[in-house]
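Student: Take this sequence and fold it.
(2 chains)
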There are 2 protein chains.
Amino acid sequence: MKNALMILGLGLMAFTSYAQQDLFNEPSLVSPEINPDKTVTFRIKAPLAQSVSVSGSLDGDNAFAPITYQMEKGEGGLWTYTTPLLPSELYRYNFSVDSVRTLDPSNSYAIRDVSNLSNIFLVEGGKADMYKVQDVPHGTVAYRWYDSPGNDKKRRMAVYTPNGYENSTEDYPVLYLLHGVGGDEEAWLGSGRAAQIMDNLIAQGKAEPMIVVMTNGNVFQQASPGNGSRGFPKITFMLPNTMDGKFEETFGDVMTFIKNNYRTKDSKAGRAIAGLSMGGFHTANIALNYPDTFDYIGLFSSALGVRMGNVTSTMYENQDEKLKQQMDNGYKLYWMAIGEDDMDMILKGNQDFRTKMDNLGMKYEFVGTKGGHTWNNWRDYLTIFAQRLFK
Amino acid sequence: MKNALMILGLGLMAFTSYAQQDLFNEPSLVSPEINPDKTVTFRIKAPLAQSVSVSGSLDGDNAFAPITYQMEKGEGGLWTYTTPLLPSELYRYNFSVDSVRTLDPSNSYAIRDVSNLSNIFLVEGGKADMYKVQDVPHGTVAYRWYDSPGNDKKRRMAVYTPNGYENSTEDYPVLYLLHGVGGDEEAWLGSGRAAQIMDNLIAQGKAEPMIVVMTNGNVFQQASPGNGSRGFPKITFMLPNTMDGKFEETFGDVMTFIKNNYRTKDSKAGRAIAGLSMGGFHTANIALNYPDTFDYIGLFSSALGVRMGNVTSTMYENQDEKLKQQMDNGYKLYWMAIGEDDMDMILKGNQDFRTKMDNLGMKYEFVGTKGGHTWNNWRDYLTIFAQRLFK
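Tutor: You can find the predicted model right below:
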């Protein structure tokens, strides 16, 4: 065995140098570099390119018209761009090299949001510390498959259980956390940093330990793209059956699974539901159609004013009566937040909904923020909303 | 509420068309296109480029010297390349546009292996069907944090529990499955498709339901890059404390966690351990140093001939005696597999180890395969090895 495992001199070094290609290649550039003054420098080597730019959420995550920053060509075809001081945030970006969308070859970290991969980086020292993996007790993230008879398929969800859950006999409250259009059960964990936010809030004593259930709101899918039996389909922005009542109608399948598989506080006081954009639309409708089920409702940039044409669903019928009933049944918190730069139809949808609630005398909290229809806002909203639950 | 949720005519369509930029942009090209004859066409629009190529595992996953295929420029700056017929496999690839490493902007699917992201696609109709998410009962994948006092830190592992585990009271056998250098607790799930392989083998009745524990063998890390408190470090190929005995020495922390947190068949007959490359080296040493603990040992392209210089560890001492003891204690299966095109030092390390075993009269099975030090082989090896366990 000594022979077999003998020290082969510089064996490992040879292994490493032999491996300096392709898969095992380590990018030699540092990009992005987060400078001590909180500016950020991007670098890419592209000696033959005529034009290289960087864009993403550097300007505050304007997903619809991000500003493109031209990079400057230096020696050896090295293009660079240094940002002004960037506030603490989780940023995404990509390069465009002669108009080809390119990830940063020096950055191994990327997240898919809807169809596209973007690189990410985090500027510490402020609110993004909440999105960091800190050296605190961590919860478990599990990808679970559940039976959804209402959709005639097995479906996948992500479940966050807080640190200590597995070694306790206590019952825990549950937050159902829903994604937006084009998202799936991975969206809140990826772009949304939900596991880190919950870990950090709970460790700081700011939020109660809770189970967070992240569903897939596209009932056409079994699971996020690549994780269902459809293989690796081209990801389309709109899928069938996303806003036609089917998800809301079959949400009972989700709750049944959680009730049967987790130790939950199985009461209205132990249940919260929140969602972003389409998930806010789903949230509002689930709260209406599962009466007296949730004590906490959160609408994050909720797509209340958006509606598929030609959709008929009992989920969307008699909504005035359902809203009145919800008010009469009571709840602890109805929380709505939206950015001032959101889309007009979404701003209007939220305003109309608030008018309706005001006319009924229905209580809610409204938080108007800066920014638009962005993950920057949704991470903020989750951070705020989670601290209000189950207290 | 009817107002709030009223059908805004083509509201959603407007929402969609408003969103036709950046994040919400859907790539218009189809790439890769898996043609009916099992050739594959790649496409990328790069009107200003002088030269575009595609490389990856198209030639059988030669990670060290992959063949680069030149793409052809067509109308509108559309570059294309069509492969010959590709055997059923999970492939990875990337483009090089004027020598800039570029992911395929039309393919949303990518996996990080060591430092680099590559796009993936799957050619069905053969062995890769085992790597597909099929419409079969699925197990759970959970990311768990455990206490490793031996490393003075909390660390992360991935645990696959087979379908039915959570709703049963039975004890299950455990396979500990270790990654190679540069990998982490996500490697076997990403490039290795371990969850799909286990789901499919179990559904077909070819493997026993078992728990699969995927550790992080780099004890310098808490977790895979981006998931530990070091933030998003530049990923380096070699980390401290990967092959210095520390992982083997603290493997008891992993086993203690599993024993305390899962219903396991807590006996030698209920334990298997296997690993690829560095993980095969770890496997051989753990089997030697935890005597009479594992009935099944699997070395996949094991880095037996590779060794850090200047390393001293009790884990690597008295190995002849430990090997003799292992033989005397007995086991059900000692399985070794390696590709004929692997690195010389690894081939030699395996040959030396076999000679040692032969001299002792120690039983093992050796499988020589085509191919090299590749995920293509490691997925195959897991598929074969898993069928031999706990029967």
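
Student: contacts and neighbour counts: CA atoms only from here.
Tutor: Fine.

Student: where does the stretch 201-350 of chain A dip in pLDDT?
Tutor: A:308 (pLDDT under 70).

Student: residues in it within reach of chain B, list them.
Tutor: Proximity of the stretch 201-350 of chain A to chain B (C-alpha under 8 Å from any C-alpha of the partner chain) is limited to residues A:226-232, A:234-238, A:261, A:304-309, A:316, A:319-320, A:323, A:345, A:349-350.

Student: Let me see the contact set for the closest residue to A:Leu117 other than its chain neighbours.
Tutor: If the residues on either side of it in the chain are set aside, A:Leu117 comes closest to A:Ile111, at 5.5 Å by C-alpha to C-alpha, 6 or more residues apart in numbering or on different chains. If you count contacts by C-alpha atoms under 8 Å, 6 or more residues apart in numbering or on different chains, A:Ile111 has them with A:Leu117, A:Ser118, A:Asn119, A:Ile120, A:Gly190, A:Ser191.

Student: Secondary structure element for A:Ile111, which one?
Tutor: In the assignment (DSSP states H and E), A:Ile111 maps to strand A:110-113.

Student: The following helix or strand past that strand packs against which elements?
Tutor: From strand A:110-113 onward toward the C-terminus, using DSSP H and E, the following helix or strand is strand A:116-123. Judged by 3 or more C-alpha pairs under 8 Å, 6 or more residues apart in numbering or on different chains; DSSP states H and E, strand A:116-123 is in contact with strand A:89-97, strand A:110-113.

Student: most neighbours per residue, which of those strands?
Tutor: Of all the helices and strands packed on strand A:116-123, strand A:89-97 has the most neighbours on average by mean count of other C-alpha atoms under 10 Å in any protein chain shown, namely a mean of 23.

Student: packing partners for the helix or strand following that strand?
Tutor: Using DSSP H and E, the helix or strand that follows strand A:89-97 in sequence is strand A:100-102. Here strand A:100-102 touches strand A:89-97, going by 3+ C-alpha pairs under 8 Å, 6+ apart.

Student: now A:Tyr176, what's its secondary structure?
Tutor: With DSSP: H, G, I helix; E, B strand; the rest coil as the basis, A:Tyr176 sits in strand.

Student: pLDDT value on it, please?
Tutor: On the pLDDT scale, A:Tyr176 is placed at 98.

Student: hey, what's it bridged with?
Tutor: A:Val213, A:Ile273 (DSSP bridges).

Student: Compute the distance between it and A:Ile273, please.
Tutor: Here the criterion is C-alpha to C-alpha, to the nearest Å. By it, A:Tyr176 lies 5 Å from A:Ile273.

Student: for A:Asn329, same thing?
Tutor: 16 Å.

Student: With A:Leu201 instead?
Tutor: Applying C-alpha to C-alpha to A:Leu201 and A:Ile273 gives a distance of 18 Å.

Student: about what we covered before: in JSON lines, list the contacts of A:Ile111 along with pLDDT.
Tutor: JSON lines is the format used below for the contacts of A:Ile111 (pLDDT from 0 to 100):
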{"residue": "A:Leu117", "pLDDT": "94"}
{"residue": "A:Ser118", "pLDDT": "95"}
{"residue": "A:Asn119", "pLDDT": "97"}
{"residue": "A:Ile120", "pLDDT": "97"}
{"residue": "A:Gly190", "pLDDT": "96"}
{"residue": "A:Ser191", "pLDDT": "95"}
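
Student: just those residues now: which is nearest chain B?
Tutor: Distance to chain B, by C-alpha to the nearest C-alpha, is smallest for A:Leu117 among these, at 6.5 Å.

Student: How about the contacts made by the closest one?
Tutor: A:Leu103, A:Ala110, A:Ile111, B:Ser108.

Student: Enumerate the beta-bridge partners assigned to the third one.
Tutor: In other words, A:Ile111. Beta-bridge partners of A:Ile111, as defined by DSSP bridges: A:Ser118.

Student: And it, how far from B:Tyr262?
Tutor: Relative to B:Tyr262, and taking C-alpha to C-alpha, A:Ile111 is found at 31 Å.

Student: And A:Tyr316, by the same measure?
Tutor: 44 Å.

Student: The two: who's more crowded?
Tutor: A:Tyr316 (21 against 18; other C-alpha atoms under 10 Å in any protein chain shown).

Student: gap between the closest residue to A:Thr169 other than its chain neighbours and B:Val133?
Tutor: In space, A:Thr169 comes closest to A:Arg263 once its chain neighbours are excluded; the distance is 7.7 Å by C-alpha to C-alpha, 6+ apart. Counting by C-alpha to C-alpha, the separation of A:Arg263 from B:Val133 is 29 Å.

Student: which one of those two has more residues nearby?
Tutor: B:Val133 (22 against 18).

Student: residues touching that one, list them.
Tutor: So B:Val133 contacts A:Gly226, A:Asn227, A:Gly228, A:Ser229, A:Arg230, A:Gly231, B:Gln196 (C-alpha under 8 Å, 6+ apart).
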